[in-house]
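> Sequence below, structure please.
(chains A, B and C)
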Amino acid sequence: MKHLLSIEELTTTQLTSLLDLTDHMVEISGRPVPKVPALRGRTVASVFFEESTRTRLSFETAAKRLSAETMTFNVGTSSVNKGESLRDTIETLAAMGVDAFVVRHKSSGVPRMITEWTDASVINAGDGWHQHPTQALLDCHTITRSFGCGNDLSGRTVAIVGDVKHSRVARSNIRAFTMLGAEVVLVAPRTLLPPEFIDWPVRTADALDDVVGDIDVLYLLRMQRERMDAALVPSLGEYSARFGLTSQRARQLKHDALVLHPGPMNRGVEILVDPADLPGSRILEQVRTGVSARMSVLYTVLSGGSVPPTGGAE
Amino acid sequence: MKHLLSIEELTTTQLTSLLDLTDHMVEISGRPVPKVPALRGRTVASVFFEESTRTRLSFETAAKRLSAETMTFNVGTSSVNKGESLRDTIETLAAMGVDAFVVRHKSSGVPRMITEWTDASVINAGDGWHQHPTQALLDCHTITRSFGCGNDLSGRTVAIVGDVKHSRVARSNIRAFTMLGAEVVLVAPRTLLPPEFIDWPVRTADALDDVVGDIDVLYLLRMQRERMDAALVPSLGEYSARFGLTSQRARQLKHDALVLHPGPMNRGVEILVDPADLPGSRILEQVRTGVSARMSVLYTVLSGGSVPPTGGAE
Amino acid sequence: MKHLLSIEELTTTQLTSLLDLTDHMVEISGRPVPKVPALRGRTVASVFFEESTRTRLSFETAAKRLSAETMTFNVGTSSVNKGESLRDTIETLAAMGVDAFVVRHKSSGVPRMITEWTDASVINAGDGWHQHPTQALLDCHTITRSFGCGNDLSGRTVAIVGDVKHSRVARSNIRAFTMLGAEVVLVAPRTLLPPEFIDWPVRTADALDDVVGDIDVLYLLRMQRERMDAALVPSLGEYSARFGLTSQRARQLKHDALVLHPGPMNRGVEILVDPADLPGSRILEQVRTGVSARMSVLYTVLSGGSVPPTGGAE
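Residues are numbered from 1 along each chain as shown, chains lettered A, B, ... in the order given. Down below sits the predicted model:
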C-alpha cells in the first residue's frame, strides 16, 4: 500500500490491518515520551490547498511521533499563486526530498493526479466532496474500540445526519462502516442527498426523530452555512428543528449509543447540547485517535506496513 | 505550580525560584549546544489570538532548548474564524496531545478560562491590559543580575514611563518590582493612568524630567499610535517632549542607571536616542534573557519545577 | 568565509571549494537517513521580506539535514509591519540566539547592511536585482556535474535568455559561469538588458534562433508578467516567438545540451515544451542540488568550512 487515496480502494483486510496498527500507535501515543524512530530520515510534506489547521496539525503530530521530518507548504503565499502549475509545485517539493505528500484540495481527484507526478507516497487529507479516508479510519477505530467489538460492526446501525451531498466524510464513512458490517442510515433533507445515493447500500430517513431511539451511533456532519445561502435548506432554525441533536433527542438515544462529529462543530446548528454532557460523546476521542490513525497510515505507506515499529523509545 | 497566569498569584518565593532557575537556563543557553533533554516528549502549543512574532519565537526557542516539541496554532487561518468556539479549539488541540498552551489574547482573563477546559498547563503570554507575567520575569532577571543584587531590589527606584493604562507589561511589572522591594514611580499623562492606580503601591510623576536624575531603572513602555487617535495624548511630539528619552535626558541619568523597553520600540516616540549609545541599555539583554526565563517557566509548569534539568547535553 | 552575500566577492578557489563540498552534501542527501550532526546546536533563521516558499523550504531542509534548528520569521505578521525598524528586528532575533540569517529582500544590499548589525552569519537568498548567490552555486554544480567536467567550464557556452535587466539570478550566474571558464551569451530584447552590460564579459544575441544550435547550456530566466505591463516587451506572444523554448528550437539544440530554469516556470511564456520531454532538462536536478548546495553554504559559514562533516549518521 503506497498511497491512501480513498476507502473505496482498500480491501477489508487492509482496513482492519490499519485499525489494528492504530491500536499499536495508541499505545505509543500514551507513553511518557510518545515517539519512536520508525520513520527517521523520512520527510512528510503537508500541502493543503484548502487550509485545515486541525487536520494538518494532526498529521504533523503523527509524523513527529514517528520521528519523520515535517515540511509545511503554505499554499497561500506560494508560487501557486504566481501561476506555477500544481504539477511543477509537486515535482519541485519532491525533488527537495519529500517522501510523502499529505494533500487537501477543493477538487475531487487531485490527490490521485499527484500520484502520477511523483514517486512519493500520497495521502488524501480530503478532496472536494470525494473522500477523506483518514477521517473514516479514525471514526471506525473510535467506534469499534468504544464498543469493544474488534473490527466487527455487524448488527450495529450508524445514522449519518446532515449534508451528505457535499460531504467527503460521509462518502468515506459510508463505505468504511458498511465494510465492517454496519447498517448505515442517512438522515438528511432530500436536497442534501446526492443523486447517486440510491445505488448506495444505505437506507434513509427524513428526520432525526424517526431513528434516534434505534441507532447505535449518531454521526453528525458539519452543517456549512454556505448551504443556507444556496437555498438548499430553508433556514438554520428549521434545519436544527429536524436534524439537530437537541437535549430532548439526546435523552431518546439508547443508553450505550455513541455520538460522533468530525469537527469543527457548529454549536447551535447540528448540535444543540454540550457534548461534555453526553455520556456517549466520542468527539474528543476522535481527535485523540486521529493522531494515532494517521501514524498508522504514514507508517504503512512509508515502510510497507508489514512490521510494526519497534517498541523501544527513540 | 501548574500554570503561570499572572504575577499576582505568585508568592515571593515562587518568583525568586523562577529567577534562580533562570540563572541555570542562562548557563544552558550559553553552551555550544544549548539543549537539554528535560522536556523530551512534551508538546508546547503556541496559540496566539493576537500575533506577536517575537514573543512566540522566544517561547518556541525556549521549548526547543528543553527538547519539547512545538506546535504553532495559526489563529488567522483556523476554524476559529469559521465560528468554532475557543473552547472547542482548545479541547481539540489538547486531545492531540498538548502538554502546555502558551496563550496570547486581546481579552483579559482568557488564559484563566482555558485552564478550566483542559488538563494541560497554561502560560499567559499576554492577555488584554491584564498581565504579561513572563515579561515581568525576564525584566526582573535582567535588572537584578545587572545590579548583581541577588533577588533584592530594596532601595532601588524604577520609573515606568508611558501608557500605563493600556499596558499589561506595566501591571505585571509593578507587582513584580514591588515584590522584590523596589519603589515604583509611574511617569505618565493622567489620561494614561488607570483609575485603580490610586490603590497601587506606587507614586507618580507628571514628567520624566521630574525623576530622571534620581532613578535606578528607566522602564519605557511602547507608545501605541492608536492612543493618539483616541485623543488620549495631544500629539506624538508633545508626548516625546515630556516623556520621551532624549539624549539630554539620557545624560541626566545616574551613571549606573539601567534602561529597559519591552519592544518593539517606537524610535522617535518614546525613545529618541540610539539604545546602542546608552551604556545602561539592557534592551537586547531583555530579549536574550527572555528565552531563558521562558525555559524556566516551561520547565517549572511541566516538571513540577523541583529538580533542575540535568547538566549533561542531550 | 563568514557570510555569503554575492558571487562577486568569492575567489575562484572559494567557489570551487563550495562546489566540491556540495558533492559531499549530495552523498549525505542520498543516504537512507539524510542527516548529520554537523550543525547541532546552531540556529538558522529564515527572514524573507519577499516570500519565496521554495527557496525558504530548500534552505530549511538544508539546515535540518545538518541538524541545525530552524526559525521562520514571518515578516507578514511581524512588528516590521508595526513600524519596527529592520535593524531592531534583526538585533532582536540575534539576541534570541540566531547563528545565521538567510535573508531575502526586495532591495539590493539589505543582506550586507544586516552584517553590520549582528555577529551572526548572513546568507543572501536574493536581494532586489542584485544577487542570488546560492542559485548560481547550485546552477554551477548542476552543469559541471552533468558534464562531468570537474569545476571547469572552459570551452562551453551558456546562453542566458530573457529578462537579464531585472534578474539577480542572471547577475550571479554570469559571474559564476565566467569564473569557471564558460563563455556567456545573453539573449534578450534590448529593453531587458541593463545599461552596464557593455562592461560585462559577455556577448549578446537578439533572438534565440541565432544561438540555439551552438550552445552547451540554455539557461531560461523567468519572464515576469509585470514587465509586460511596463511595456518593456510588446506582448507575451512576441516574447515567446523570439525567446521562448519551443519544441522546434528544442530539436535544434546540440544532443548533449542542457536546459536549466531557476523556477517557478511560466509555461507557455519562456518554455513552451514539457521539460519532461527534454533529455537535456536539468530543472528538477537544480532543485535537488539546491538543498545540497545550501547545506554546503550553511556548513561553510557556520563551521569555518575547513573540515567536512563527519561521515557517520547522527
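
> With A:Cys149 as the reference, measure out to A:Thr12.
A:Thr12 is 15 Å from A:Cys149, where distance means CB to CB, to the nearest Å. (Glycine included, C-beta is placed from N, CA and C.)

> helix, strand or coil for A:Arg104?
What DSSP: H, G, I helix; E, B strand; the rest coil gives for A:Arg104 is strand.

> Strands of chain A, residue ranges please.
For chain A, applying DSSP state E gives strands covering A:43-48, A:69-73, A:100-105, A:121-127, A:157-161, A:183-187, A:202-205, A:217-220, A:258-260.

> So which helix or strand of chain A has the lowest pLDDT on average?
Lowest on mean pLDDT, DSSP states H and E among the helices and strands of chain A sits helix A:225-229, with a mean of 69.

> residues in contact with A:His3?
For A:His3, the contacting residues are A:Pro111, A:Thr115, A:Ser121, A:Val122, A:Ile123, A:Asn124, A:Val301, by CB atoms under 8 Å, 6 or more residues apart in numbering or on different chains.

> ok, and the most crowded of those?
A:Asn124 (30 neighbours; other CB atoms under 10 Å in any protein chain shown).

> any idea how far B:Arg54 is from it?
For A:Asn124, the distance to B:Arg54 - CB to CB - is 37 Å.

> What is the burial count for the closest residue to A:Gln14 other than its chain neighbours?
Closest residue in space to A:Gln14, ignoring its immediate chain neighbours: A:Met1 at 6.2 Å, by CB to CB, 6 or more residues apart in numbering or on different chains. A:Met1 has 15 neighbours, counted by other CB under 10 Å.

> And A:Met1, how close does it get to A:Gln135?
From A:Met1 to A:Gln135 the distance is 18 Å (CB to CB).

> Same check on A:Ser52?
11 Å.

> Then A:Arg225?
21 Å.

> the more surrounded of the two?
The residue with more neighbours, out of A:Arg225 and A:Gln135, is A:Gln135; 25 against 13, by other CB under 10 Å.

> got the contact list for the more buried one?
Per CB under 8 Å, 6+ apart, neighbours of A:Gln135: A:Gly126, A:Arg168, A:Val169, A:Ser172, A:Asn173, A:Pro262, A:Gly290.

> again, but for A:Ala136
Counting by CB under 8 Å, 6+ apart, A:Ala136 makes contact with A:Ile7, A:Val169, A:Ser172, A:Asn173, A:Arg175, A:Ala176, A:Phe177.

> Most neighbours among the residues you listed, which one is it?
Result: A:Asn173 is most packed of the contacts of A:Ala136 (other CB under 10 Å), 29 neighbours.

> quick one: contacts for the one residue in chain A that gets nearest to chain C?
Residue of chain A nearest chain C, by CB to the nearest CB: A:Gly41 (3.2 Å). By CB under 8 Å, 6+ apart, the contact set of A:Gly41 is A:Glu69, C:Arg31, C:Pro32, C:Val33, C:Pro34, C:Lys35.

> circling back: make a markdown table from the strands of chain A and add distance to chain C to it.
Output for the strands of chain A, formatted as a markdown table (distance: least, CB to the nearest CB, whole Å):
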| stretch | distance to chain C |
| --- | --- |
| strand A:43-48 | 7 |
| strand A:69-73 | 6 |
| strand A:100-105 | 13 |
| strand A:121-127 | 16 |
| strand A:157-161 | 38 |
| strand A:183-187 | 41 |
| strand A:202-205 | 42 |
| strand A:217-220 | 34 |
| strand A:258-260 | 35 |
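
> got JSON lines for those strands, with distance to B:Ser281 and mean pLDDT too?
Listed next are those as JSON lines, based on distance: least, CB to CB, whole Å; pLDDT from 0 to 100:
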{"stretch": "strand A:43-48", "distance to B:Ser281": "42", "mean pLDDT": "97"}
{"stretch": "strand A:69-73", "distance to B:Ser281": "37", "mean pLDDT": "95"}
{"stretch": "strand A:100-105", "distance to B:Ser281": "47", "mean pLDDT": "97"}
{"stretch": "strand A:121-127", "distance to B:Ser281": "49", "mean pLDDT": "97"}
{"stretch": "strand A:157-161", "distance to B:Ser281": "63", "mean pLDDT": "98"}
{"stretch": "strand A:183-187", "distance to B:Ser281": "67", "mean pLDDT": "98"}
{"stretch": "strand A:202-205", "distance to B:Ser281": "71", "mean pLDDT": "97"}
{"stretch": "strand A:217-220", "distance to B:Ser281": "58", "mean pLDDT": "98"}
{"stretch": "strand A:258-260", "distance to B:Ser281": "57", "mean pLDDT": "98"}
